[in-house]
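Colleague: Structure for this input, please:
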Amino acid sequence: MVAVRRLDGNDSTGLGWLIGALVWRALVSAIFIWSGFDRLLDPVGTASSFADFGIPLPEIGWLAAVVVQIVGGLALLFGIQSRLIAIIERTDWPP
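Modeller: Numbers count the residues shown, from 1 in each chain. As a prediction, the model looks like this:
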């Protein structure tokens, strides 16, 4: 069982907490994976929106955004470097 120290000082080791954390991780990662595939299927629209925001080399920005969102979403889903991925996903590119 995984023990996590909560803000109120209690340890969380219950099955309900673990299931809730798993469901939350699956939902959040699904958002990133879905967004990455959406950008993958519309490279011209995504690159043009990056260009509208003034991002240089929007085609490279499109590729970076797709890779970060899909790979990051999968890593978050499987618990690989979750904190690092959360920071990277939080500082995602515009739209």
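Colleague: What separation do you get for Ala30 and Trp17?
Modeller: The gap separating Ala30 from Trp17 is 20 Å, by C-beta to C-beta, to the nearest Å. (C-beta placed from N, C-alpha, C; glycine too.)
Colleague: buried set for the strand or helix carrying Ala75?
Modeller: Per DSSP states H and E, Ala75 falls inside helix 58-78. By neighbour count on 16 or more other C-beta atoms under 10 Å, the buried set for helix 58-78 is 58, 61-63, 65-66, 68-73, 75-77.
Colleague: all helices for the chain, in order.
Modeller: Using DSSP state H, the helices assigned to the chain run over residues 15-41, 43-52, 58-78, 82-90.
Colleague: any chance of the ones you listed in TSV, plus mean pLDDT?
Modeller: Shown next, in TSV, are the helices of the chain (pLDDT from 0 to 100):
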stretch	mean pLDDT
helix 15-41	88
helix 43-52	91
helix 58-78	90
helix 82-90	72
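Colleague: Enumerate every residue touching Ile88.
Modeller: Contact partners of Ile88, counting by C-beta atoms under 8 Å, 6 or more residues apart in numbering, are 68, 72.
Colleague: if I look at it, how far off is Val71?
Modeller: 10 Å.
Colleague: Tell me which two in the buried residues of helix 58-78 are the farthest apart.
Modeller: Pro58 and Leu77 (27.9 Å; C-beta to C-beta).
Colleague: which residues sit against the helix holding Ala75?
Modeller: 25-26, 28-33, 35-37, 39-40, 43, 46-48, 50-51, 55, 81-82, 85-86, 88-89, 92-93.
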